[in-house]
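Q: Quick one, fold the following:
(one chain, ligands or ions: 1)
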Amino acid sequence: MIDNYLSFRLTSCSSCKKAFGKNSHKILVRTPDYEVIFAKCSGCNRTTKLNFALNPSETVCFATLTDLSFEDANNFLNNEAISIDDVIQVHKALKFDNFSRIG
Ligand SMILES: [Zn+2]
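A: All right, here's what the predicted structure looks like:
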């Protein structure tokens, strides 16, 4: 599929305009409905996150520059979501200025 994306006018870095190589793309998420791809520019080292919504009639894409690396994004994706209990625990710790209680 990446070859299709490369012909989808996403061939260059939006920051410095250097062309992306085929090895600069990594797939973060792939489902039948959407895909998320990270592209790292070898010129300026900035990362672009490409989000694709895949529909039978069309493919919609938007790209954003990000400070996240592929590894950071992968870690966030695979970690548990923050729970309400987590938020309450942090609130209580901050309220009493005792940061050692967090965790
Ligand atoms: Zn660049």
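
Q: Going by C-alpha atoms from here, please, whenever you check contacts or count neighbours.
A: Noted.

Q: mind listing what's buried in stretch 15-28?
A: 20, 25, 28 (16 or more other Cα atoms under 10 Å).

Q: Run through who's touching that stretch.
A: With Cα atoms under 8 Å, 6 or more residues apart in numbering as the test, stretch 15-28 has contacts from 2, 11-13, 35-44, 46, 65, 70, 73-74.

Q: show me which of those residues neighbour the ion.
A: Among these, the ones lying near the ion by Cα under 5 Å from the ion are 13, 41, 43, 44.

Q: Between those residues, which sits nearest residue 81?
A: Set against residue 81, the nearest of the ones next to the ion among the contacts of stretch 15-28 by Cα to Cα is residue 41 (29.8 Å).

Q: how about the closest one, what does it touch?
A: 13, 18, 19, 20, 24, 47, 48.

Q: Distance check, the fifth one against residue 71.
A: Counting by Cα to Cα, to the nearest Å, the gap between residue 24 and residue 71 amounts to 14 Å.
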